[in-house]
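1. How does the following fold in three dimensions:
(chains A, B, C and D)
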Number of protein chains: 2
Amino acid sequence: MTVERVPAGLVGATSHGHLLELIRAADGLSRQQLLSTTGMSRATLYERLDTLTRRGYIYEAEPLDSTGGRPSRKIRFEDRGRVVLAITLGQTHGTVSIADTAGRQLRSFTKTLDVSDPAESVLGPLIREGQALLAQGKNETLLGIGVSLPAPVEAGTGHVRHPTTLPGWAADSVVAAVNASWDLPLVVENDARAAGLGERRSDAETVVYVKVGTGIGCGIVVEGSILRGAHGAAGDIGHIRMTPDGPLCRCGRRGCLAAYSSGRALSEKLSARGFKNMAAIRAAAGAGDPAVLGALESAAEVLGSALAATVTTLNPDRLVLGGEVGSMDFFAQQVGERVLADVVDRIGEGLVVETGHQEDVAACSGLATLVMRKIFAPGAVDQVFSEEAVRTASGNPRR
Amino acid sequence: MTVERVPAGLVGATSHGHLLELIRAADGLSRQQLLSTTGMSRATLYERLDTLTRRGYIYEAEPLDSTGGRPSRKIRFEDRGRVVLAITLGQTHGTVSIADTAGRQLRSFTKTLDVSDPAESVLGPLIREGQALLAQGKNETLLGIGVSLPAPVEAGTGHVRHPTTLPGWAADSVVAAVNASWDLPLVVENDARAAGLGERRSDAETVVYVKVGTGIGCGIVVEGSILRGAHGAAGDIGHIRMTPDGPLCRCGRRGCLAAYSSGRALSEKLSARGFKNMAAIRAAAGAGDPAVLGALESAAEVLGSALAATVTTLNPDRLVLGGEVGSMDFFAQQVGERVLADVVDRIGEGLVVETGHQEDVAACSGLATLVMRKIFAPGAVDQVFSEEAVRTASGNPRR
DNA sequence: AACTTTCGTTTAAGCATTAGACATAAGTCC
DNA sequence: GGACTTATGTCTAATGCTTAAACGAAAGTT
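-> Predicted coordinates:
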């Protein structure tokens, strides 16, 4: 067993990082609150706050209401002008967004693409668009980059894993392409997982996000962290077997959920009736075409009964539907009804089934969260300060 | 938003607790290793180790192999003579165990009972047996108590929640009964969850534990922590609906998994053939009775296809079967075959399906883990030291 | 016996942290 | 407007934890 080295002495209990975490988590605190909650001495606390201010981590915000004397002023985490760049790749579209540290999309640019093209030709233009978007901002600091894409992604490395949907993409193609342009913290994540994380409203929530697009993807978020499973394949619900002998699935097996309820299955079913693509199907559904609604209804029925099992297993607070098919209100409503009908009261109580935000908005938010976590992981800020202390110490030896 | 008070200054980066965690996690380290991994000075480290030794948290163990000079001696976490008491309640039996800090059952006592009796009359005798078991040990220190039972349990409080299986049990009956006898850390947990935690082999593993007894329970363990879900109902897989119109379940709905594959369903099916109870069924299965094997096979088939969905959702390392029905090798094998047949390669790869340890052994191990976590939670040891420091400071004021 | 490595203790010095005091700022209350 | 209250900002001497360094002893290997 290996034991990692721990920087000693340099990181105290109420270290810079700890203070910053307190301030960030509480969405701002006054000096008095910090004094009482940390129990630190005034001198030390002020010195720390000074340093954090000088480094640009915090700033003094609006005064709080007076309780009879001089009002205290709130110390906030410095998020003004700090942005994250998010690239969200779909099968046919890609979006570059600039987001604030809370994951709100500030501005974005979407272009059409074919994700099955080589990585370079897909990512290159988006990265250039990202740089253009960044150039539009004034006094903005880019903190990090997040990329989501419709393929499995290895957690630690950000490597693309089974690039069947992305033929010819080398495992490290995303990491390499982004690193060539920016030397900043980078996260790469599967699209449904990023969107699922972006859809959660608090870290206490358990959310199941189901993306029904061409295929069926799923992101499960439990207490703020993404459920990955033993081999990173958790949430691969598209290939739950619904019937012993159902329609043939692309995976070569029969009766998979995706063979009933995916956008591809729908398209194939409806192409005979003249609906050429998803846009046509969505339009017809909006217009109330009975054939389309019927197809959606039966797709939703199968998906709903599968998700009932998922919901029973995980007992989430919310089940969020996204993707080109999943985001259709009619479809989502049908799924919701079926899920709630199939589930015992104890599980159904309090369960919310709904359509999510636009996918690039959700994924952008999730990616920003991941980037911020990478940068401000517990202790990470202290690492910065302690490394600096080491540098200073060796630069100015004590004796 | 409330901010908890943080003990300041008293807890350093390489605090007593941190050191103890290092030592415990590494299963023992030499002083030299501690010096290099923590980077502390010799004086400080030795002072800390002194204190920890005096408090009985660590001890000096066997010397390591020499690398050419004086051999270093291993410092170990003091677990000698430290025990945890575990009470594991089933429908018809209860077991009291004494376990070491790693959760190994040292000695135990099992008695028959009816868990639907009042809490007092169920727990009272077991607590007295526990005290008798403790009296048998020499130089043992009891660190805490764990109780598992076949009902939902509220996470933080240890309150019994929907005591339908335990009529007349007040929510706090377990907590009250144990606290009347011991003033020590106590954890109460659902039986399948405790057993699931006990079945995991490392904190990296994702384990799905399925208890098929009278009913069907499930404990999901992801990276060492129990998945509870929004309302604590995660893993309630017995009521996954398998067919729109299946046999009537006790819950009043039709087609639930439990109506196909639970011990109750099996008994009802086989009672017509003269098998009066589970013991008779187990015996007949062992003897190869075709009617029993047939019933088991179809029960396993339904359970297997349900668990295929669960496994697809969670992608666990292992699927462990327990309970009176689940622990039958024939049954477990049938389930395993069905799961692996229904699951895509990516999920099935590396998946192990197997029967678990005896249930009280597994639950005992899980409970011990929970008790140790409660006692040695990150920072908890430091809390002890810092409280002591505060007491000392106020007892002997500095000036 | 020489060498190597760990153990255990001691020193003075260094440094971060503290309590406390004091002055100032900026509100409320009458 | 004046008294009161509460928060901010800065300074000081005292305190006590942590460190580096040294040294002698212990316990192995070669």
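2. Quick one: classify A:Ala362 as helix, strand or coil.
-> Put simply, A:Ala362 is helix when judged by DSSP: H, G, I helix; E, B strand; the rest coil.
3. any idea how far it is from A:Met372?
-> Look at A:Ala362 and A:Met372: by Cβ to Cβ, to the nearest Å, they are 16 Å apart. Placement of C-beta: from N, CA and C, glycine included.
4. Could you check which of those two has the larger neighbour count?
-> More crowded of A:Ala362 and A:Met372, by other Cβ atoms under 10 Å in any protein chain shown: A:Ala362, with 29 against 23.
5. Could you list the residues of chain A in contact with DNA strand D?
-> A:8-9, A:30-32, A:42-43, A:46, A:67-73 (Cβ under 7 Å from any atom of the strand).
6. Which pLDDT value goes with the closest residue to DNA strand D within chain A?
-> Chain A approaches DNA strand D most closely through A:Gly69 (1.8 Å), counting by Cβ to the nearest atom of the strand. Reading off the confidence values, A:Gly69 has pLDDT 84.
7. likewise A:Ala25?
-> On the pLDDT scale, A:Ala25 gets 87.
8. domains for chain A, by residue range?
-> Recorded structural domains for chain A (assignment: automatic domain parsing) are A:1-78, A:82-184, A:200-357.
9. export those to JSON lines and tack on distance to chain B and mean neighbour count?
-> As requested, the domains of chain A are exported to JSON lines (distance: least, Cβ to the nearest Cβ, whole Å; neighbours: other Cβ atoms under 10 Å in any protein chain shown):
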{"stretch": "domain A:1-78", "distance to chain B": "4", "mean neighbour count": "16"}
{"stretch": "domain A:82-184", "distance to chain B": "7", "mean neighbour count": "18"}
{"stretch": "domain A:200-357", "distance to chain B": "3", "mean neighbour count": "20"}
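10. After the lengthiest helix in chain A, heading C-terminal, what element do we hit next?
-> Longest helix of chain A, by residue count under DSSP state H: helix A:290-314. With elements assigned by DSSP states H and E, the helix or strand that comes after helix A:290-314 is strand A:318-322.
11. hmm, who's touching that next one?
-> Identification of contacts with strand A:318-322 by Cβ atoms under 8 Å, 6 or more residues apart in numbering or on different chains yields A:192, A:195-196, A:199, A:205-212, A:307, A:311, A:327, A:331-332, A:335-336, A:339, A:351-357, A:359, A:362.
12. Alpha carbons only: can I get that strand in PDB?
-> The C-alpha trace of strand A:318-322 is given here as PDB (Å, rounded to 0.1, in the frame of the first residue of the first chain):
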ATOM      1  CA  ARG A 318     -36.600  13.600  -9.600                       C
ATOM      2  CA  LEU A 319     -36.600  11.800 -12.900                       C
ATOM      3  CA  VAL A 320     -35.600  14.300 -15.600                       C
ATOM      4  CA  LEU A 321     -36.200  13.600 -19.300                       C
ATOM      5  CA  GLY A 322     -34.100  15.100 -22.000                       C
END
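13. sorry, back to before: could you list which of the residues of chain A next to DNA strand D belong to helices?
-> Among those, the ones falling in helices (DSSP H) are A:31-32, A:42-43, A:46.
14. Residues in a beta bridge with A:Thr141, which ones?
-> A:Arg82 (DSSP bridges).
15. thinking it is in contact with A:Val84, fair?
-> No. With contacts counted by Cβ atoms under 8 Å, A:Thr141 stays clear of A:Val84, the gap being 10.3 Å.
16. For the nearest residue to A:Ala380 once chain neighbours are set aside, identify the helix or strand it belongs to.
-> In this structure, A:Ala380 finds its nearest non-sequential neighbour in A:Gly17, 6.9 Å apart by Cβ to Cβ, 6 or more residues apart in numbering or on different chains. Here A:Gly17 sits within helix A:16-25, counting by DSSP H and E.
17. A:Arg107 now?
-> For A:Arg107, the element it lies in under DSSP H and E is strand A:105-112.
18. all strands of the stretch 151-300 of chain A, in order?
-> When assigned using DSSP state E, counting those that start in this stretch, the strands of the stretch 151-300 of chain A occupy the ranges A:186-190, A:206-212, A:216-222, A:225-226.
19. still on that earlier bit, distance from the chain centre to the longest helix of chain A, please.
-> Centre-to-centre, helix A:290-314 and its host chain are 25 Å apart (Cα atoms, centre = their mean, to the nearest Å).
20. list the helices and strands it packs on?
-> Counting contacts by 3 or more Cβ pairs under 8 Å, 6 or more residues apart in numbering or on different chains; DSSP states H and E, helix A:290-314 is packed against strand A:206-212, strand A:216-222, helix A:257-261, helix A:263-271, helix A:278-287, helix A:329-342, helix B:290-314.
21. Who are the packing partners of the helix holding A:Gly17?
-> helix A:31-38, helix A:42-54, strand A:73-77, helix A:380-395.
22. Restrict it to CA atoms and write it as CSV.
-> Extracted in CSV, the C-alpha atoms of helix A:16-25 (Å, rounded to 0.1, in the frame of the first residue of the first chain):
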residue,chain,number,x,y,z
HIS,A,16,-7.2,29.5,3.5
GLY,A,17,-8.9,26.7,1.7
HIS,A,18,-11.2,26.0,4.6
LEU,A,19,-12.1,29.6,4.9
LEU,A,20,-12.8,29.8,1.2
GLU,A,21,-15.0,26.7,1.4
LEU,A,22,-17.0,28.2,4.3
ILE,A,23,-17.5,31.4,2.4
ARG,A,24,-18.4,29.7,-0.9
ALA,A,25,-20.8,27.2,0.7
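23. got the contact list for that helix?
-> Outside helix A:16-25, the residues that reach it (Cβ under 8 Å, 6+ apart) are A:11-12, A:29, A:34, A:37-38, A:45, A:48-49, A:51-52, A:57-58, A:75-77, A:376, A:378-383, A:385, B:1, B:3, B:6.
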